[in-house]
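> The sequence and its predicted three-dimensional model are supplied below.
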Amino acid sequence: MYNKTVLDNGLRLVSCPMKDRRSLAVGIWINVGSRFESPQFSGISHFLEHLVFKGTKSYSCQKIKESIEGVGGSINGFTLEEATCYLIKIPANYLDLALNILSDMVINPTLPEEEIERERTVILEEIKMYKDLPQSYVYDILDRLLWPNQPLGRSILGSTESINRIKKKDLYSYKQHYYTAQNIVVSGAGFLDHNSFKDKVKKIFRILKNEGINEFSRAKEVQNQPQLELVHKDTEQTHLALGFHGFKRGHPLKYALSLLHIILGANSSSRLFNEIREKRGLAYEIGTQVKCLNDTGAFIIHAGVDNRKVEETLKLIFQELHKVKDKSLNFDELKRAKEFYLGQLMIALEDTMDTMLWIGESTLTLNKTYTLNQIIKEIKRIEPADLVEVSHLIFKEEKMNLALIGPLKQKEKTIENLLKTR
């Protein structure tokens, strides 16, 4: 059972009591991320996320870590395109401690100048590290192709120029503008009581005012021909990311898309894994991803490929995409995909942290939570024809976007022609 309360100031609270656990996970979600940023301050959401750990009015940086880790807990945070989250997993009898620390980080960070300069250097090194990892950086290139000249096409980390530009006043102003009651969700899962949880959260966050919902620019998906970007780098293998615009979070075919993802590349029994790795040994890593945002999404195929076999691998990927469009999927394959999806979800929801993340994100982004039974019902009704429909909606040849990193100077024209002659 999930319990939800909206406080008078608009802050939302959602919990999942799990009475057979001895731990709990708590998260504070903020309705802001990289797509809310201007080009001038790209990366400021992530920068601020780093800095709230550096001290608050009541807790020093060292005290934050020692207080949580000293009782066996863990504390972390992350920044996405549409959300920032601060989270703690801790023994259940330390709920007050978890809420006090997380809330002070969100409401009262001190943002000391010396820490800003120190963390600026850390983030600049993080940007360099990311660019040195082609298996990761290839996704940034793909995002630029999918959403050119838009916030979604920029790195969550920001750029060297934008990070160097951000000052303390910018961070403080950004926090004050976006970290408001109506844009906050507090989620908890584990050994807790919702009414007690609600009373604690209400007492802490009552000082925040309701100042409206944060907004971002809607994504533009204008594309009428395949796009290709190659980064020439002397690597031992070529890293590729092939992307198509996908579905937004609330799309009626989102579960069918998830099952298609499982069949094509989510595990070691998937079609792409079998064809490209198991049968031909062309890649060590091959798989698919689904990204769903509030107004757009992406379906991504990624691989690390033998430098000599890039064209062959791409042809095989294209063949597999054609197969799901041209041939109906069999019921056994679909049944396995359904069982995998539901099995993975059931396993995840046994964990307090995964449950907290599940209910927190869906409350923040869709303002609703789904029970396991609701998901089972949705998955069971999907037919093979639904997946074929999804493949026709997404795998359009003129909508292909291909990012490649590797020693490809002599192959650019060949790959470009391969895309055009699909």
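Everything's here; your move.
> Distance of W147 relative to P17?
40 Å (Cβ to Cβ, to the nearest Å). (Glycine included, C-beta is placed from N, CA and C.)
> higher neighbour count, the two?
Ranked by neighbour count (other Cβ atoms under 10 Å), W147 and P17 place W147 first, with 22 against 17.
> so for the helix or strand harbouring M129, what's the average pLDDT?
Using DSSP states H and E, M129 sits within helix 113-131. The predicted model assigns helix 113-131 a mean pLDDT of 97.
> And for stretch 164-175?
Mean pLDDT, stretch 164-175: 98.
> how about it: buried residues?
Going by neighbour count (16 or more other Cβ atoms under 10 Å), the buried part of stretch 164-175 is I166, D170, L171, Y174, K175.
> what's the answer for stretch 205-220, then?
In stretch 205-220, counting by 16+ other Cβ under 10 Å, buried: F205, L208, N214, F216, A219.
> Would you confirm that the first one contacts R12?
Meaning F205. No: here F205 does not reach R12: they are 10.6 Å apart, not a contact under Cβ atoms under 8 Å.
> can you give me the helices in the stretch 1-150 of the chain?
For the stretch 1-150 of the chain, applying DSSP state H, counting those that start in this stretch gives helices covering 44-51, 61-69, 95-107, 113-131, 134-146.
> Take these and write them to JSON lines, including mean neighbour count and distance to A83.
Below are the helices of the stretch 1-150 of the chain laid out as JSON lines (neighbours: other Cβ atoms under 10 Å; distance: least, Cβ to Cβ, whole Å):
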{"stretch": "helix 44-51", "mean neighbour count": "23", "distance to A83": "9"}
{"stretch": "helix 61-69", "mean neighbour count": "15", "distance to A83": "21"}
{"stretch": "helix 95-107", "mean neighbour count": "21", "distance to A83": "13"}
{"stretch": "helix 113-131", "mean neighbour count": "14", "distance to A83": "19"}
{"stretch": "helix 134-146", "mean neighbour count": "20", "distance to A83": "17"}
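> Columns distance to N367 on top of those, output as a markdown table?
Output for these, formatted as a markdown table (distance: least, Cβ to Cβ, whole Å):
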| stretch | distance to N367 |
| --- | --- |
| helix 44-51 | 21 |
| helix 61-69 | 29 |
| helix 95-107 | 20 |
| helix 113-131 | 32 |
| helix 134-146 | 26 |
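> Among those, which comes closest to S159?
Nearest to S159 among the helices of the stretch 1-150 of the chain is helix 113-131 (7.3 Å), distances taken as Cβ to Cβ.
> Next, report how far that closest one is displaced from the centre of its chain.
22 Å (Cα atoms, centre = their mean, to the nearest Å).
> Can you tell me what sits against it?
43, 46-47, 50-51, 54-55, 61, 136-137, 140, 155, 157-160, 163-164, 166-168, 171 (Cβ atoms under 8 Å, 6 or more residues apart in numbering).
> same thing but 6 Å
Residues outside helix 113-131 that contact it (Cβ atoms under 6 Å, 6 or more residues apart in numbering) are H50, L51, K54, S136, Y137, L157, I163, K168.
> From the residues you listed, pick the one nearest F78.
H50 (10.7 Å).
> what about the strands in the stretch 301-422 of the chain?
For the stretch 301-422 of the chain, the strands defined by DSSP state E, counting those that start in this stretch cover 401-406.
> Residue ranges in it under the pLDDT threshold?
For the stretch 301-422 of the chain, the stretches flagged by pLDDT under 70 are 422.
> quick one: which of the buried residues of stretch 164-175 sit in helices?
Mapping those onto helices (DSSP state H) picks out D170, L171, Y174, K175.
> Output those residues as TSV; include the columns distance to Q410.
Listed next are these as TSV, based on distance: Cβ to Cβ, whole Å:
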residue	distance to Q410
D170	45
L171	46
Y174	46
K175	50
